[in-house]
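J.: Quick one: sequence and predicted model below, then my questions.
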Protein chains: 2
Amino acid sequence: MSPSTVSRSFNHPDLVKATTRKKIDAAVRRLGYIRNRAAQTIHGIRSGTIGLIVPTVDQAIFAEMIQSFSEAVEELGFTILLASHGFNLDREYALTRKMLEHRVDGVALIGIEHTRDTLDLLAQQEMPTLLLWSFSPQAPFPCVGSDNYQAGYLIGRHVAALGHRQVAAIFPPVEGNDRASLRFAGVKDALAEAGCSIPEAWQLVAPYSVATAKSAVEALIAEGALPTAILCGNDVLAWGALHALNRAGIAVPGRVTVTGIGDFKGSKEFEPSLSTVRIPARTIGARAAAAIVQLTTSEEAVDVAALIPPEIMVRATSGPPRED
Amino acid sequence: MSPSTVSRSFNHPDLVKATTRKKIDAAVRRLGYIRNRAAQTIHGIRSGTIGLIVPTVDQAIFAEMIQSFSEAVEELGFTILLASHGFNLDREYALTRKMLEHRVDGVALIGIEHTRDTLDLLAQQEMPTLLLWSFSPQAPFPCVGSDNYQAGYLIGRHVAALGHRQVAAIFPPVEGNDRASLRFAGVKDALAEAGCSIPEAWQLVAPYSVATAKSAVEALIAEGALPTAILCGNDVLAWGALHALNRAGIAVPGRVTVTGIGDFKGSKEFEPSLSTVRIPARTIGARAAAAIVQLTTSEEAVDVAALIPPEIMVRATSGPPRED
DNA sequence: GCCAAAAATGAAAACATTTGCAATATTGTT
DNA sequence: AACAATATTGCAAATGTTTTCATTTTTGGC
C-alpha cells in the first residue's frame, strides 16, 4: 500500500482493486487518517474554499445572504472562508491578501465600491471574483445583485405618487457604502421628479440599528414640525422609526408614512406591516454561489452577472398625506 | 536570493541583511508574489484558520455572535472557515471532517448536543475544540457560553412571581437544539415551583421566525381562551407574539404579559420594550475567540471555559395578571 | 501451464515552503 | 593585512499529496 495507491483509492477508486481498497479503507478507519487538503492544494488542485469578505455579518440582510450563499456553496462542495472588515475598505484589502495567501478558489466581495488596490490585486492574481449584493453593468468584476438605485427610486416614487411633499429620510452613513448612497440617490431623484426635495434638517443619518433610528425620529418629533413621510434606508431603520412613532402615539400611516428598503424577515409581520422594497437576499446568495463556483471551475470565460430586480412591496405603513 | 532567504525575510526579518530584504521586498512587489499558506501548513505550521460550525447564520443572535467572534479572531491573526448545518447533526459531522481536512487550528461548535461521532472525531484528532453558546461543566469540551436552563428559569420565575398562573409558551422545535430544550426546561421548572404548569394546548411550537410566532399567537387568540402570559423561547418569537397581540388590540402587559429570551438588538427599543433575559452574544463571541486561540497556541493544558451568566431584563411587556 | 494483454501497484518527481547545518561574507581588532 | 568572531546566505532534506511512467501482478485464451 504505497502512498500512490492510497491516493488513487481516494481520488480514482475505480483504478484500484476492490480488495486493496477495502484494506485501505480499514486502515484509514483504524488510524483515523484524514486527507490533508493543504498538501493537495500545493499541487494546484483546488483548495475548495471561497473567500467571502463582508462589511459585517450581523446585519439582518447580510446574514440572510451569507446563509443562502453558504448553503449553496457547500452544496457544491466548497467551504467559506469568512472575513469582515466593518466598512473599512483598507481592512478589506488586507483581508483580500489573506484570502489569496490561503489560495481560495474565488473571492466574493460585497458591493461595487472597493479600493483600487483591492481590485488590482484580484485582477493581477487572476482570482475569480464576484461582486455581491449590488449590480452595475460597468463594475470591474461580474456582479450578482440588485439595483440599489432602482430600489431607492421605486420607494421614492411610491411616496411621491401618494402626494407627499414634506419628506424626511434616515440613511446610514454613505461613505464606503455604495448600497446606501445609491439608494439615497434613487430616493432623491424620484422625489425631485415630483418637484420635492428633502430639507437638510430632515436628512437624518443613523448607523444601522433600531436604537439609533428610533432616537433620531424621537428627536424629530421633539422638534415639532413633522414631515408627512419618513423614508428609511433599510428596514431596520424603519422599525426604529415605527417604534418611535408608536411610542409618541403618532398614527402610521394616518399622520406619517414610513417606508423601508430591503424587506427583511419580519417586516411583513410588523404592525402595521411595513411598506418597503424587496431585495431578495436569499436569491442573491444562491445565485452568487452558483456564479462564483462557475467562475472558478470553468476554463472558458463565462458571463455570470445577474441582476435581481428589486420589487416594491406596498403594505400598511404608507398612505396619502393627511389633508389639512 | 535563494528560497530560503526569501522565506527568512518573511518570517525572521532580523536574520537577513537590510539591503537584501529591500531587494526581496522590491521583487515581491514587482512580481506580485503572495505566500502560499497551504505550503506552510504541510510543515505543521499553523494554518491560521478556525473552523466555525453553526446551525445557521441568519438568526439574529448567531449573527451577532459570529460577528464578534470573527472580529476577535481576526484581531488575533486567524481567519474563519465557516459552515452551517441547518440543525442537522449528521451534516455537522460531515462538516467537521471537512474542517479537519482543511487542517484548521481549532474548531468551535454551537451548543452542547452533538453526535458521538463528531465528538469522538475531534477528540481522536486532538483538535482544539470549543463549545460555544451554551455552558455546562460536564460537557465533553470546554464551553464558553451562557446557561440556557438558567435563562429559562429566570424568566419563568419572573413571570411566576408576578402572579401568572395561566401561561402559554412558544418554543422552537427542541430536537437537536439543546439551547431551546434547556430554556424550556428552565421555564417549566420555575413555573412548577410556583405550582403552575403549561397546558399541552398552550405549548406552541414555532420555528425561529416572526411570522410563525405571529400566526401561532393569532391562532391562540382566535381560540378565545387567552393565557395571562406568553413565554417565548427567544426574542424573535416574542416580537411575533407582540405583533399579533398588537394587531388584535390586546393590551400588553395589561391583558397579556409577553417575554423573550436573548435580548436581541432592537428588543429594548420595541414598543412596548420587551422583558427578556439577556444572553450577551457579543461577549460570548469575543471570549470564545480568545479561548479557542489560547487552546490552539498554548502547549500546556489551559482551562478556557467561561460561563457568561444570563441576566434578566425586566422591561415593559411584563406585569401582573389582570385582576378579574 | 504459457503468452499476451490488461489491470494493479509502486517509484520518483513535483508542488511551495521551512529549517538545520554548512559555507561564505562581513566586521572589528590587532 | 591577517585573524577570529559574527553575520548572512545557500544547500538539502523534509512536509503530504498527486501524477506519470515503469514495473509487477492478474486474467483469459489457448
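T.: Arrived safely, thanks for sending. Numbering: from 1, shown residues only, chains lettered A, B, ... in the order given.
J.: Within the helices and strands, which one has the residue nearest to residue A:189 when sequence neighbours are not counted?
T.: Across the structure, with CB to CB, 6 or more residues apart in numbering or on different chains as the measure, the residue nearest residue A:189 apart from its sequence neighbours is residue A:153 (6.1 Å). For every residue, glycine as well, the C-beta is placed using N, CA and C. Taking DSSP states H and E as the criterion, the element that holds residue A:153 is helix A:148-162.
J.: Compute the number of surrounding residues for the residue in the stretch 151-300 of chain A positioned nearest to DNA strand D.
T.: Proximity to DNA strand D, evaluated over the stretch 151-300 of chain A using CB to the nearest atom of the strand, is greatest for residue A:297 at 14.7 Å. As a burial measure, the neighbour count of residue A:297 was computed by other CB atoms under 10 Å in any protein chain shown and equals 15.
J.: ditto for residue A:206
T.: So residue A:206, with other CB under 10 Å, has 23 neighbours.
J.: do residue A:77 as well
T.: Applying other CB under 10 Å, we find 11 residues neighbouring residue A:77.
J.: For it, which non-adjacent residue is closest in space?
T.: Closest residue to residue A:77 apart from its sequence neighbours, by CB to CB, 6+ apart: residue A:48 at 6.4 Å.
J.: who in the stretch 151-300 of chain A is up against chain B?
T.: Residues of the stretch 151-300 of chain A found near chain B (CB under 8 Å from any CB of the partner chain) are A:209-211, A:214, A:236, A:239-240, A:243, A:246-247, A:265-266, A:268-271.
J.: change it to 10 Å
T.: Of all the residues in the stretch 151-300 of chain A, those in contact range of chain B (CB under 10 Å from any CB of the partner chain) are A:208-215, A:236, A:239-240, A:242-248, A:264-273, A:281-282, A:285.
J.: now the strands for chain A?
T.: Under the criterion DSSP state E, strands of chain A are mapped to A:49-54, A:79-84, A:106-110, A:129-134, A:143-146, A:167-171, A:203-205, A:229-232, A:257-259, A:276-278, A:306-307, A:311-313.
J.: and residue A:161, what is it in contact with?
T.: Contacts for residue A:161 were tallied using CB atoms under 10 Å, 6 or more residues apart in numbering or on different chains; they are A:190, A:194, A:320.
J.: That one and residue A:150, how far apart?
T.: Plainly put, residue A:161 is 16 Å away from residue A:150 if you go by CB to CB, to the nearest Å.
J.: still on that earlier bit, now the helix holding residue A:153, how far from the chain's geometric center?
T.: The offset between the C-alpha centroid of helix A:148-162 and the centroid of the whole chain comes to 20 Å, using CA atoms, centre = their mean, to the nearest Å.
J.: and it with strand A:167-171, angle?
T.: With axes from the mean of the first three to the mean of the last three CA atoms, to 10 degrees as the criterion, the two stretches helix A:148-162 and strand A:167-171 enclose an angle of 160 degrees.
J.: Nearest residue to residue A:174 in space, ignoring adjacent ones along the chain?
T.: Closest residue to residue A:174 in three dimensions, ignoring its sequence neighbours and counting by CB to CB, 6+ apart: residue A:181, at 3.8 Å.
J.: Against chain B, how distant is the closest residue to residue A:157 other than its chain neighbours?
T.: Of all residues not flanking residue A:157 in the chain, residue A:190 sits nearest, at 4.2 Å (CB to CB, 6+ apart). Residue A:190 sits 28 Å away from chain B, taking CB to the nearest CB, to the nearest Å as the criterion.
J.: same deal with residue A:177?
T.: 17 Å.
J.: I'd like the strands of chain A as JSON lines, with mean pLDDT appended.
T.: Formatted as JSON lines, the strands of chain A follow (pLDDT from 0 to 100):
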{"stretch": "strand A:49-54", "mean pLDDT": "98"}
{"stretch": "strand A:79-84", "mean pLDDT": "97"}
{"stretch": "strand A:106-110", "mean pLDDT": "97"}
{"stretch": "strand A:129-134", "mean pLDDT": "96"}
{"stretch": "strand A:143-146", "mean pLDDT": "97"}
{"stretch": "strand A:167-171", "mean pLDDT": "98"}
{"stretch": "strand A:203-205", "mean pLDDT": "97"}
{"stretch": "strand A:229-232", "mean pLDDT": "98"}
{"stretch": "strand A:257-259", "mean pLDDT": "98"}
{"stretch": "strand A:276-278", "mean pLDDT": "98"}
{"stretch": "strand A:306-307", "mean pLDDT": "97"}
{"stretch": "strand A:311-313", "mean pLDDT": "98"}
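J.: which of those strands sits most buried?
T.: With neighbours defined by mean count of other CB atoms under 10 Å in any protein chain shown, none of the strands of chain A is more surrounded on average than strand A:229-232, at a mean of 31.
J.: For chain A, list the residues in contact with DNA strand C, please.
T.: A:1-5, A:8, A:15-20, A:39, A:42-44 (CB under 7 Å from any atom of the strand).
J.: give me the number of residues near the residue nearest to residue A:157?
T.: Using other CB under 10 Å as the criterion, residue A:190 is surrounded by 23 other residues.
J.: Residue A:86 now?
T.: Neighbours around residue A:86, by other CB under 10 Å: 12.
J.: show me what contacts it?
T.: Applying CB under 10 Å, 6+ apart, we find residue A:86 in contact with A:54-56, A:92, B:67, B:71, B:74.
J.: domain ranges for chain A?
T.: Chain A is divided into the following domains under automatic domain parsing: A:3-35, A:49-146+A:280-309, A:148-279.
J.: Take these and write them to CSV, including distance to residue B:98.
T.: Converted to CSV, those look like this (distance: least, CB to CB, whole Å):
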stretch, distance to residue B:98
domain A:3-35, 10
domain A:49-146+A:280-309, 6
domain A:148-279, 28
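J.: Of all those, which one comes closest to residue B:314?
T.: domain A:148-279 (18.4 Å; CB to CB).
J.: hang on, the earlier thing: give me the mean pLDDT for the helix holding residue A:153.
T.: On average, the pLDDT along helix A:148-162 is 98.
J.: Which parts of it count as buried, going by neighbours?
T.: For helix A:148-162, the buried set under the neighbour-count rule, 16 or more other CB atoms under 10 Å in any protein chain shown, comprises A:148-160, A:162.
J.: ok now do the residue of chain A found nearest DNA strand D, which residues does it touch?
T.: With CB to the nearest atom of the strand as the measure, residue A:7 is the residue of chain A nearest to DNA strand D, at 2.8 Å. With contacts taken as CB under 10 Å, 6+ apart, residue A:7 has the following neighbours: A:16, A:35, A:40.
J.: same question, residue A:64
T.: Taking CB under 10 Å, 6+ apart, we find residue A:64 in contact with A:262, A:264-265, A:280-282, A:284-285, B:57-58, B:63.
J.: Check residue A:122 too.
T.: Residue A:122 touches A:51, A:96, A:99-100, A:106-107, A:109, A:114, A:128-129, A:140-141, counting by CB under 10 Å, 6+ apart.
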